[in-house]
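Student: fold the following, please.
(one chain, ligands or ions: 1)
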Amino acid sequence: MTIGIDKIAFYTPKYVLDLIELAKVRGDEPEKYTIGIGQDKQSVVPNYEDIVTMGANAASKIIDDTDRQLIDSVILATESGIDNSKSGAIYIQRLLNLSEFTRTIELKQACYAGTYGLMQARDYVAAHPGRRVLVIASDIARYGLATPGEVTQGAGAIAMIISDNPKIASINTDSVYMSAERADFWRPLDRTQALVDGHLSTDIYKEMFLTLWQRYCTKTQQTISDFSGFAFHLPYTKMGKKALDEVLDQATAEQQVNLMEKLKASQQLSRQVGNIYTGSVYLSLLSLLSYSDKLQSGEKIAIFSYGSGAEAELYSITLQENFTEYVPRKSVKQLLEGRQKLSVSEYEAVFNSQLFDSHVNVKSEAVSGVTQFQFLGWQNGERV
Ligand code: HMG
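Tutor: Sure thing, here's the model as predicted:
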């Protein structure tokens, strides 16, 4: 049975910051941001949005009545959860009018958790043919004003429906994965911003990619020439190049040109959005499928998922017949082009208004008609 990604959707909030303007205000050279780090813009999240509204806004683009009948589980991956106890997936189940006979769960392991969710979904469908799983990866990457990580912030959500006979890509059962306790990036419970050693995190990412690549090649007897492209977790787009550089010399000169072209396609969306943690690797995949016109059905793409702390997984997908018809390229482009630009001082004000104690935070800025779902506050313990 073929199981994989049947539908995919992306949502990001309506505000955007130009990083050349940010560089000038921070006293940095713009090329450091746009070339050295590889980021042009970042989405800025207003205080009436959180991982629940972003996840529901993404999923609402793809859920239809058939999905409502066939979805048995909602798996929400996030590291920007709104509650230490209750899963954000329960709110999303209600917002999407899914059946009450649905499992709902929230997963956490930094940026890696979306991939774990996807693998759980694939295994569930394998054991329950005909049923579907909704996987959502939703996050707000927040490092703080004038910190080294600021240029790599972002916000957004990816939603995917996992089913048999998928329209976009099958998920192959060839994963290799690893976990090792590392102190590169973490966010203790009392903090709204991550603690991070950015250079260490980049090194661990590269090390884990190389280790898993070698393990994958040994396990599957495949080489780099078996892949038409890579989708990397992209905390910033230069990270994808740093990773690919680790293995590129294994390819012929012609393959190298092709893989670099595909890498560029995979970076387009993250360049304009920033890091969305759990969803970033799937934003990279969506970008590759949207911006490369050279991909063919039957071709394989290698996916590398990394989450600080640290855990990583490498696996492949195979593109399905007519997959391009189901890639929401046009609507994603419209979403990004429709964002409202903020000046640096406006961005700072929006950033500081993101009070994370949402039980006491009165959401002041909700604007009707902007997004389907907004968070207005709490009334008698109910989220409204
Ligand atoms: P930094 O120290 O400000 O930057 O932080 P830098 O001095 O290292 O410079 C960055 C690059 O710009 C360098 O290139 C410079 O040479 C270049 P590189 O050596 O890396 O190839 N540069 C220029 N290039 C062109 N023109 C210029 C110029 N000036 C300098 N004028 C850092 C950068 C990414 C470390 C920082 O933004 C950060 O800490 N980010 C957050 C952490 C992060 O994203 N880590 C990535 C790996 S960990 C991960 O992916 C997990 C994560 O998503 C979290 C999770 O799992 O939950 C983060």
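Student: in the stretch 251-384 of the chain, which spans are strands?
Tutor: Assigned strands in the stretch 251-384 of the chain, in chain order: 300-307, 311-319, 340-342, 378-379, 382-383 (criterion: DSSP state E, counting those that start in this stretch).
Student: so of these, which one's packed in deepest?
Tutor: strand 300-307 (a mean of 25; mean count of other Cβ atoms under 10 Å). For every residue, glycine as well, the C-beta is placed using N, CA and C.
Student: on that earlier part again, confidence-wise, which of the strands of the stretch 251-384 of the chain is weakest overall?
Tutor: For the strands of the stretch 251-384 of the chain, mean pLDDT drops lowest on strand 378-379, to a mean of 76.
Student: the residue in the stretch 151-300 of the chain positioned nearest to the ligand: neighbour count?
Tutor: In the stretch 151-300 of the chain, the residue that lies nearest the ligand is G198 (2.1 Å; Cβ to the nearest ligand atom). Residues near G198, counting by other Cβ atoms under 10 Å, number 16.
Student: output the set of residues of the stretch 201-350 of the chain in proximity to the ligand.
Tutor: Within the stretch 201-350 of the chain, the residues that sit near the ligand (Cβ under 6 Å from any ligand atom) are 201-202, 205, 233, 235-236, 238-239, 275, 277, 306-308.
Student: how about the residues of the stretch 51-200 of the chain near the ligand?
Tutor: Within the stretch 51-200 of the chain, the positions lying close to the ligand (Cβ under 6 Å from any ligand atom) are E79, A110, C111, P148, G149, V151, T152, F185, V196, G198, H199.
Student: ok, the third one - contacts?
Tutor: Under the criterion of Cβ atoms under 8 Å, 6 or more residues apart in numbering, the contact partners of C111 comprise 79, 139, 233, 235, 275, 277-278, 280-281, 305-308.
Student: coming back round to it: how far away is the residue of the stretch 151-300 of the chain closest to the ligand from D64?
Tutor: Distance, G198 to D64, using Cβ to Cβ, to the nearest Å: 42 Å.
Student: beyond the longest helix belonging to the chain, next helix or strand please.
Tutor: Secondary structure of the chain read by DSSP state H shows that its longest helix is helix 198-220. On the C-terminal side of helix 198-220, the closest following helix or strand by DSSP states H and E is strand 229-232.
Student: what pLDDT, on average, does that following strand get?
Tutor: pLDDT averaged over strand 229-232 gives 98.
Student: relative to strand 300-307, how tilted is the following helix or strand past it?
Tutor: Per DSSP H and E, the first helix or strand lying C-terminal to strand 229-232 is helix 237-245. Interaxial angle, helix 237-245 versus strand 300-307 (axes from the mean of the first three to the mean of the last three Cα atoms, to 10 degrees): 120 degrees.
Student: contact partners of stretch 75-85?
Tutor: The contact list for stretch 75-85 (Cβ under 8 Å, 6+ apart) reads 50-52, 55, 87-89, 92, 104-108, 110-111, 113-114, 116-117, 120-121, 133-140, 142, 187, 189, 277-279, 358.
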